[in-house]
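Novice: Need the 3D shape of this:
(chains A and B)
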Amino acid sequence: NAGVTQTPKFQVLKTGQSMTLQCAQDMNHNSMYWYRQDPGMGLRLIYYSASEGTTDKGEVPNGYNVSRLNKREFSLRLESAAPSQTSVYFCASRLDTLREKLFFGSGTQLSVL
Amino acid sequence: SQELEQSPQSLIVQEGKNLTINCTSSKTLYGLYWYKQKYGEGLIFLMMLQKGGEEKSHEKITAKLDEKKQQSSLHITASQPSHAGIYLCGAGPTGTASKLTFGTGTRLQVTL
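Specialist: Next up is the predicted model:
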(Lines give C-alpha, C1' and ligand atoms only; values in the text may rest on other atoms or scores of the structure.)
Protein backbone atom coordinates (compact mmCIF):
# COMPACT_ATOMS: atom_id res chain seq x y z
CA ASN A 1 0.00 0.00 0.00
CA ALA A 2 1.31 3.43 -0.97
CA GLY A 3 -0.44 5.37 1.83
CA VAL A 4 0.34 9.09 1.55
CA THR A 5 2.64 10.04 -1.30
CA GLN A 6 4.34 13.43 -1.52
CA THR A 7 6.30 14.85 -4.42
CA PRO A 8 8.93 16.11 -4.78
CA LYS A 9 11.14 14.93 -1.91
CA PHE A 10 13.59 17.79 -2.30
CA GLN A 11 13.35 21.18 -3.96
CA VAL A 12 15.48 24.29 -4.13
CA LEU A 13 13.86 27.55 -5.20
CA LYS A 14 15.01 31.09 -5.69
CA THR A 15 13.16 33.86 -3.90
CA GLY A 16 10.06 34.80 -5.89
CA GLN A 17 9.70 31.52 -7.73
CA SER A 18 6.50 29.54 -7.49
CA MET A 19 5.93 25.84 -7.07
CA THR A 20 3.31 23.28 -6.11
CA LEU A 21 3.81 20.44 -3.66
CA GLN A 22 1.72 17.43 -4.53
CA CYS A 23 0.09 15.01 -2.12
CA ALA A 24 -2.04 11.96 -2.84
CA GLN A 25 -3.52 9.29 -0.60
CA ASP A 26 -5.01 5.95 -1.60
CA MET A 27 -6.81 5.14 1.65
CA ASN A 28 -10.14 6.80 0.82
CA HIS A 29 -9.61 9.32 3.63
CA ASN A 30 -11.86 12.32 3.93
CA SER A 31 -9.50 14.75 5.67
CA MET A 32 -6.14 15.93 4.43
CA TYR A 33 -3.60 18.29 5.99
CA TRP A 34 -0.45 20.25 5.20
CA TYR A 35 2.09 20.91 7.95
CA ARG A 36 5.48 22.52 8.02
CA GLN A 37 8.25 21.58 10.41
CA ASP A 38 10.98 23.97 11.44
CA PRO A 39 13.75 23.32 13.99
CA GLY A 40 12.44 23.88 17.50
CA MET A 41 8.90 24.61 16.25
CA GLY A 42 7.40 21.17 15.95
CA LEU A 43 4.68 20.74 13.34
CA ARG A 44 2.58 23.73 12.42
CA LEU A 45 -0.65 23.37 10.48
CA ILE A 46 -0.80 25.37 7.25
CA TYR A 47 -4.12 24.32 5.73
CA TYR A 48 -6.48 21.41 5.99
CA SER A 49 -9.38 19.99 4.05
CA ALA A 50 -12.29 18.23 5.72
CA SER A 51 -13.60 16.86 2.45
CA GLU A 52 -13.40 17.27 -1.28
CA GLY A 53 -14.19 20.86 -2.19
CA THR A 54 -13.53 22.36 1.24
CA THR A 55 -10.38 23.91 2.68
CA ASP A 56 -9.64 25.82 5.88
CA LYS A 57 -6.74 27.82 7.23
CA GLY A 58 -4.49 26.44 9.91
CA GLU A 59 -1.99 28.22 12.15
CA VAL A 60 0.35 29.58 9.45
CA PRO A 61 -1.51 29.97 6.12
CA ASN A 62 0.10 33.21 4.89
CA GLY A 63 2.03 32.79 1.65
CA TYR A 64 0.34 29.51 0.74
CA ASN A 65 -2.67 28.34 -1.23
CA VAL A 66 -4.18 24.89 -1.40
CA SER A 67 -6.41 22.90 -3.72
CA ARG A 68 -8.37 19.79 -2.88
CA LEU A 69 -8.49 18.52 -6.42
CA ASN A 70 -10.49 15.40 -5.58
CA LYS A 71 -10.76 13.03 -2.65
CA ARG A 72 -7.28 11.65 -3.26
CA GLU A 73 -5.24 14.77 -3.91
CA PHE A 74 -4.41 17.88 -1.90
CA SER A 75 -1.83 20.28 -3.27
CA LEU A 76 0.05 23.14 -1.63
CA ARG A 77 1.17 26.09 -3.71
CA LEU A 78 3.77 28.74 -2.98
CA GLU A 79 3.03 31.64 -5.32
CA SER A 80 6.14 33.67 -4.55
CA ALA A 81 8.59 31.74 -2.41
CA ALA A 82 10.41 33.50 0.42
CA PRO A 83 13.42 32.34 2.49
CA SER A 84 11.09 32.12 5.51
CA GLN A 85 9.32 29.27 3.74
CA THR A 86 12.43 27.10 3.88
CA SER A 87 11.16 24.11 5.82
CA VAL A 88 10.18 20.47 5.68
CA TYR A 89 6.60 20.05 4.53
CA PHE A 90 4.42 17.11 5.50
CA CYS A 91 1.12 16.05 4.07
CA ALA A 92 -1.20 13.90 6.18
CA SER A 93 -4.62 12.32 5.92
CA ARG A 94 -7.07 10.58 8.16
CA LEU A 95 -10.41 8.80 8.15
CA ASP A 96 -13.09 10.49 10.23
CA THR A 97 -14.13 7.74 12.58
CA LEU A 98 -13.36 7.03 16.24
CA ARG A 99 -9.93 5.75 15.26
CA GLU A 100 -8.60 8.93 13.74
CA LYS A 101 -4.93 8.28 13.36
CA LEU A 102 -3.12 10.66 11.05
CA PHE A 103 -1.10 9.05 8.29
CA PHE A 104 1.87 11.12 7.16
CA GLY A 105 3.80 11.32 3.94
CA SER A 106 7.59 11.17 3.98
CA GLY A 107 7.99 14.93 3.63
CA THR A 108 9.35 17.48 1.18
CA GLN A 109 12.50 19.36 2.08
CA LEU A 110 12.25 22.83 0.55
CA SER A 111 15.00 25.42 0.48
CA VAL A 112 14.37 28.95 -0.71
CA LEU A 113 17.53 30.90 -1.49
CA SER B 1 -6.41 26.71 18.60
CA GLN B 2 -5.06 23.91 20.72
CA GLU B 3 -1.70 24.89 22.22
CA LEU B 4 0.44 22.03 23.36
CA GLU B 5 3.60 22.39 25.40
CA GLN B 6 6.10 19.58 25.56
CA SER B 7 8.81 19.12 28.12
CA PRO B 8 11.65 18.68 28.11
CA GLN B 9 12.63 20.11 24.73
CA SER B 10 15.56 17.73 24.56
CA LEU B 11 16.79 14.81 26.54
CA ILE B 12 19.98 12.77 26.62
CA VAL B 13 19.81 9.49 28.51
CA GLN B 14 22.10 6.56 28.92
CA GLU B 15 21.00 3.28 27.41
CA GLY B 16 18.95 1.30 29.90
CA LYS B 17 17.60 4.33 31.75
CA ASN B 18 13.93 5.25 32.02
CA LEU B 19 12.57 8.57 30.86
CA THR B 20 9.35 10.56 30.71
CA ILE B 21 8.14 13.18 28.24
CA ASN B 22 5.21 15.41 29.08
CA CYS B 23 2.60 17.12 26.95
CA THR B 24 0.40 19.79 28.53
CA SER B 25 -2.56 21.76 27.26
CA SER B 26 -4.54 24.66 28.70
CA LYS B 27 -7.65 23.15 27.13
CA THR B 28 -9.30 19.76 27.45
CA LEU B 29 -7.77 17.23 25.10
CA TYR B 30 -10.33 15.31 23.09
CA GLY B 31 -7.90 13.07 21.32
CA LEU B 32 -4.19 12.88 22.12
CA TYR B 33 -1.72 11.37 19.70
CA TRP B 34 1.90 10.45 20.17
CA TYR B 35 4.17 10.22 17.17
CA LYS B 36 7.84 9.50 16.77
CA GLN B 37 10.08 10.90 14.08
CA LYS B 38 13.49 9.56 13.28
CA TYR B 39 15.90 12.24 12.20
CA GLY B 40 15.23 13.26 8.60
CA GLU B 41 12.28 10.90 8.19
CA GLY B 42 8.51 10.91 8.40
CA LEU B 43 6.30 10.44 11.45
CA ILE B 44 5.43 7.09 12.93
CA PHE B 45 2.22 6.73 14.92
CA LEU B 46 2.75 5.39 18.44
CA MET B 47 -0.49 5.69 20.37
CA MET B 48 -3.78 7.54 20.67
CA LEU B 49 -5.56 8.28 23.94
CA GLN B 50 -9.11 9.51 24.26
CA LYS B 51 -10.47 8.87 27.73
CA GLY B 52 -9.44 10.51 30.98
CA GLY B 53 -7.20 8.15 32.93
CA GLU B 54 -6.51 6.03 29.87
CA GLU B 55 -3.17 4.26 29.63
CA LYS B 56 -1.73 2.34 26.70
CA SER B 57 1.49 0.44 26.28
CA HIS B 58 3.41 -0.88 23.33
CA GLU B 59 6.63 -2.73 23.91
CA LYS B 60 8.59 -0.48 26.28
CA ILE B 61 6.57 2.68 25.73
CA THR B 62 3.61 3.66 27.92
CA ALA B 63 1.39 6.68 27.37
CA LYS B 64 -1.11 8.08 29.84
CA LEU B 65 -3.79 10.74 29.71
CA ASP B 66 -4.70 12.32 33.03
CA GLU B 67 -8.22 12.35 34.43
CA LYS B 68 -8.74 15.99 33.54
CA LYS B 69 -7.56 15.30 30.01
CA GLN B 70 -5.15 18.20 30.00
CA GLN B 71 -1.86 16.39 30.33
CA SER B 72 -0.31 13.33 28.81
CA SER B 73 2.95 11.59 29.53
CA LEU B 74 5.04 9.20 27.50
CA HIS B 75 7.26 6.89 29.50
CA ILE B 76 10.04 4.75 28.04
CA THR B 77 11.41 1.95 30.13
CA ALA B 78 14.98 0.71 29.70
CA SER B 79 15.75 3.01 26.78
CA GLN B 80 17.59 1.70 23.72
CA PRO B 81 19.37 3.48 20.86
CA SER B 82 16.37 2.63 18.66
CA HIS B 83 14.25 4.95 20.82
CA ALA B 84 16.24 7.99 19.70
CA GLY B 85 14.33 10.56 17.68
CA ILE B 86 11.82 13.35 18.07
CA TYR B 87 8.62 12.66 19.97
CA LEU B 88 5.59 14.78 19.17
CA CYS B 89 2.23 14.99 20.84
CA GLY B 90 -0.76 16.14 18.83
CA ALA B 91 -4.36 16.83 19.73
CA GLY B 92 -7.69 17.91 18.40
CA PRO B 93 -11.36 17.05 18.68
CA THR B 94 -12.50 13.70 17.36
CA GLY B 95 -15.36 13.39 14.97
CA THR B 96 -15.32 15.40 11.80
CA ALA B 97 -12.13 16.90 10.52
CA SER B 98 -10.66 19.66 12.58
CA LYS B 99 -7.45 21.43 13.30
CA LEU B 100 -5.06 18.84 14.62
CA THR B 101 -2.18 20.69 16.21
CA PHE B 102 1.12 19.43 17.56
CA GLY B 103 3.54 20.30 20.29
CA THR B 104 7.05 21.53 19.61
CA GLY B 105 8.56 18.09 20.07
CA THR B 106 11.08 16.46 22.39
CA ARG B 107 14.40 15.42 20.94
CA LEU B 108 15.68 12.22 22.56
CA GLN B 109 19.24 10.96 22.35
CA VAL B 110 20.24 7.63 23.84
CA THR B 111 23.91 7.18 24.57
CA LEU B 112 25.71 3.87 24.86
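Novice: Going by C-alpha atoms from here, please, whenever you check contacts or count neighbours.
Specialist: Fine.
Novice: Spatially nearest residue to the residue in chain B that chain A sits nearest to, not counting backbone neighbours?
Specialist: Shortest chain B-to-chain A distance, computed as CA to the nearest CA: residue-wise this is residue B:104, at 3.7 Å. Nearest residue to residue B:104 in three dimensions, chain neighbours excluded: residue A:42, at 3.7 Å (CA to CA, 6 or more residues apart in numbering or on different chains).
Novice: tally of neighbours for the one you found?
Specialist: Counted with other CA atoms under 10 Å in any protein chain shown, residues neighbouring residue A:42 total 21.
Novice: For the residue in chain A positioned nearest to chain B, which residues are in contact?
Specialist: Using CA to the nearest CA, the single residue of chain A nearest to chain B is residue A:42, 3.7 Å away. Residues in contact with residue A:42 (CA atoms under 8 Å, 6 or more residues apart in numbering or on different chains) are B:88, B:102-105.
Novice: I'd like those residues laid out as CSV, including secondary structure and neighbour count.
Specialist: Below are the contacts of residue A:42 laid out as CSV (DSSP: H, G, I helix; E, B strand; the rest coil; neighbours: other CA atoms under 10 Å in any protein chain shown):
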residue, secondary structure, neighbour count
B:88, strand, 27
B:102, strand, 27
B:103, coil, 25
B:104, coil, 26
B:105, coil, 30
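Novice: Pick out the most distant pair among the residues you listed.
Specialist: Greatest spacing in the contacts of residue A:42, by CA to CA: B:102 and B:105 (8.0 Å).
Novice: where does chain B have low pLDDT?
Specialist: Residues of chain B meeting the criterion pLDDT under 70: B:1-2, B:93-98.
Novice: Helices of that one, start to end?
Specialist: In chain B, no helices are defined using DSSP state H.
Novice: what are the ranges of the strands in it?
Specialist: Secondary structure of chain B, counting by DSSP state E: strands at B:4-7, B:10-14, B:19-25, B:32-37, B:43-49, B:55-58, B:61-65, B:71-76, B:85-91, B:101-102, B:106-111.
Novice: Which of these sits closest to residue A:4?
Specialist: When the strands of chain B are ranked by distance to residue A:4, counting by CA to CA, first place goes to strand B:43-49 at 11.6 Å.
Novice: so what's residue B:62 bridging to?
Specialist: Beta-bridge partners recorded for residue B:62 (DSSP bridges): residue B:57, residue B:75.
Novice: Tell me which residue is most central in chain A.
Specialist: Centrality entry for chain A: nearest residue to the mean C-alpha point is residue A:34, 2.9 Å, by CA atoms, centre = their mean.
Novice: Once you drop chain neighbours, what's closest to that residue?
Specialist: Using CA to CA, 6+ apart and skipping the chain neighbours, the partner closest in space to residue A:34 is residue A:91 (4.6 Å).
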